[in-house]
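K.L.:
got a structure for you, letters missing:
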């Protein structure tokens, strides 16, 4: 019957070439025998339709001959996949951060928005490659036995580093709120004060990037509150921390660049102090000097933040290699 | 024994219980050459319900493990695949039957 042949053709699509004809022939003979018995040798199309509905969708029928084929990445390979995917993600992010810093120092940094967009775009890309590799492994029936010879003696010792020290969080929240309040109420008072002539210059670059600074501080405060509530680190909060760190790095980068640009525009080249210029700088142009200090400070902060974030990422990789369960 | 439709966990557990015994049941019935459809009917007459989505893949698996041998027989216009237990299969059936009886004993003891 036409409809049965159509059904068999669809089932065949989900079967490997080896043994396909055999399997289909057997299903056909079963269907024909069943129809014969039910209708006393005179099956109509409705009978066939009813029977096929009972048997089930072509894909399911095919799957019953090879259950493992239903999986993109089966339960056997999945733990290994998770581990590798985690490592790949962390490594990709770390490498991009590093590249970003290097390009910053060589002066070819693209703007912050593009950097973040590139960072975000790299995530599905890295994940995708891992998925493709594991798809192939699954299809070729490769087994993964990462846990086979685990030794109880190599279990890591319990450390209380997992617990969040409340003191740290409370300090962070308090300091953050104070700073945020200062910036909201009187941002124009952040600047360069002179004890000599009582002059004051506000810092225009900070004023310009105020919203970003607010966002970064708010993010930090929010995260600290979340950690306080949670009580211990989890994989999710580690990931959030990295995200928050990257955001802060982007903001500090913008501030640094902003200062460098301002300095360019006001005739002072270079971030580092020129020793000969120093005394004249100080006296003649306090604002220029002050801005240079700010610029250097942000530059140093940037290097430190990136180094700390990269070391966090490296620690995450090491933890992941030692054992998937440990955070 | 009727199971209520709202007790899915019970149904799953009973199904699992039966699933383990199916290969034994099938092997025991293949002392003579039989084809799939007839096997399904026979099993049903003995009170064991099995659907084609379970039986046919199982027959192929058992054959690939060397416990059955198969051949295509054409009756009239219809070709049918016949299965019969192999020498290896008979030996495995014997061992499985022992295992089944032994297991039965143990569990009966537990339940007593």
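P.N.:
Now that the structure is in, tell me what you want to look at. All values derive from a computational prediction rather than experimental measurement.
K.L.:
rest of the way, CA atoms for contacts and neighbours
P.N.:
Will do.
K.L.:
tell me which residues are up against stretch A:303-312.
P.N.:
Here stretch A:303-312 makes contact (CA atoms under 8 Å, 6 or more residues apart in numbering or on different chains) with A:94, A:97-98, A:101, A:242, A:245-246, A:249.
K.L.:
check stretch B:96-108 too.
P.N.:
By CA under 8 Å, 6+ apart, the list of residues contacting stretch B:96-108 reads residue B:24.
K.L.:
how about the helices in chain A?
P.N.:
Under the criterion DSSP state H, helices of chain A are mapped to A:2-13, A:20-39, A:45-55, A:58-63, A:78-105, A:112-139, A:166-185, A:204-208, A:210-230, A:235-265, A:277-284, A:286-322.
K.L.:
including mean neighbour count, mean pLDDT and distance to residue B:24, could the ones you listed go into TSV?
P.N.:
TSV is the format used below for the helices of chain A (neighbours: other CA atoms under 10 Å in any protein chain shown; pLDDT from 0 to 100; distance: least, CA to CA, whole Å):
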stretch	mean neighbour count	mean pLDDT	distance to residue B:24
helix A:2-13	15	92	28
helix A:20-39	17	91	22
helix A:45-55	13	90	24
helix A:58-63	19	90	23
helix A:78-105	17	79	32
helix A:112-139	15	84	30
helix A:166-185	15	82	62
helix A:204-208	18	79	79
helix A:210-230	17	84	53
helix A:235-265	18	82	47
helix A:277-284	12	56	94
helix A:286-322	18	81	44
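K.L.:
in a markdown table: those helices, plus distance to residue A:69.
P.N.:
Shown next, in a markdown table, are those (distance: least, CA to CA, whole Å):
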| stretch | distance to residue A:69 |
| --- | --- |
| helix A:2-13 | 13 |
| helix A:20-39 | 14 |
| helix A:45-55 | 19 |
| helix A:58-63 | 7 |
| helix A:78-105 | 14 |
| helix A:112-139 | 7 |
| helix A:166-185 | 49 |
| helix A:204-208 | 57 |
| helix A:210-230 | 40 |
| helix A:235-265 | 31 |
| helix A:277-284 | 73 |
| helix A:286-322 | 29 |
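K.L.:
for the ones you listed, which one sits closest to residue B:74?
P.N.:
helix A:20-39 (10.7 Å; CA to CA).
K.L.:
and that closest one, how far out from the chain's middle?
P.N.:
52 Å (CA atoms, centre = their mean, to the nearest Å).
K.L.:
what lies in contact with the worst-scoring helix or strand of chain B on mean pLDDT?
P.N.:
Across the helices and strands of chain B, mean confidence by mean pLDDT, DSSP states H and E is lowest for helix B:8-29: a mean of 89. Contact partners of helix B:8-29, identified using CA under 8 Å, 6+ apart, comprise B:3, B:39, B:58, B:85, B:89, B:93, B:96-97.
K.L.:
the closest residue to chain A within chain B sits in which helix or strand?
P.N.:
Closest to chain A within chain B is residue B:57: 5.1 Å, counting by CA to the nearest CA. Under the criterion DSSP states H and E, the helix or strand holding residue B:57 is helix B:52-64.
K.L.:
now swap in residue B:89 and tell me
P.N.:
Going by DSSP H and E, residue B:89 is part of helix B:87-111.
K.L.:
how far away from the center of its chain is that helix?
P.N.:
14 Å.
K.L.:
what of stretch A:38-56?
P.N.:
On CA atoms, centre = their mean, the centre of stretch A:38-56 falls 53 Å from the chain's centre.
K.L.:
kindly report the same for stretch B:80-88.
P.N.:
13 Å.
K.L.:
can it be said to contact chain A?
P.N.:
Yes: Stretch B:80-88 is in contact with chain A by CA under 8 Å from any CA of the partner chain, via B:80-81.
K.L.:
please list the outside residues in contact with that stretch.
P.N.:
Taking CA under 8 Å, 6+ apart as the rule, stretch B:80-88 contacts A:26, A:29, B:27, B:30-36, B:59, B:66-74.
K.L.:
ok, residues contacting the helix holding residue B:57?
P.N.:
A:55, A:61, A:64-65, B:23, B:36, B:40, B:68-70, B:83.
K.L.:
change it to 10 Å
P.N.:
By CA atoms under 10 Å, 6 or more residues apart in numbering or on different chains, the list of residues contacting helix B:52-64 from outside reads A:19, A:23, A:26-27, A:30-31, A:55-56, A:60-66, B:19, B:22-23, B:26-27, B:35-37, B:39-40, B:65-70, B:83-86, B:89.
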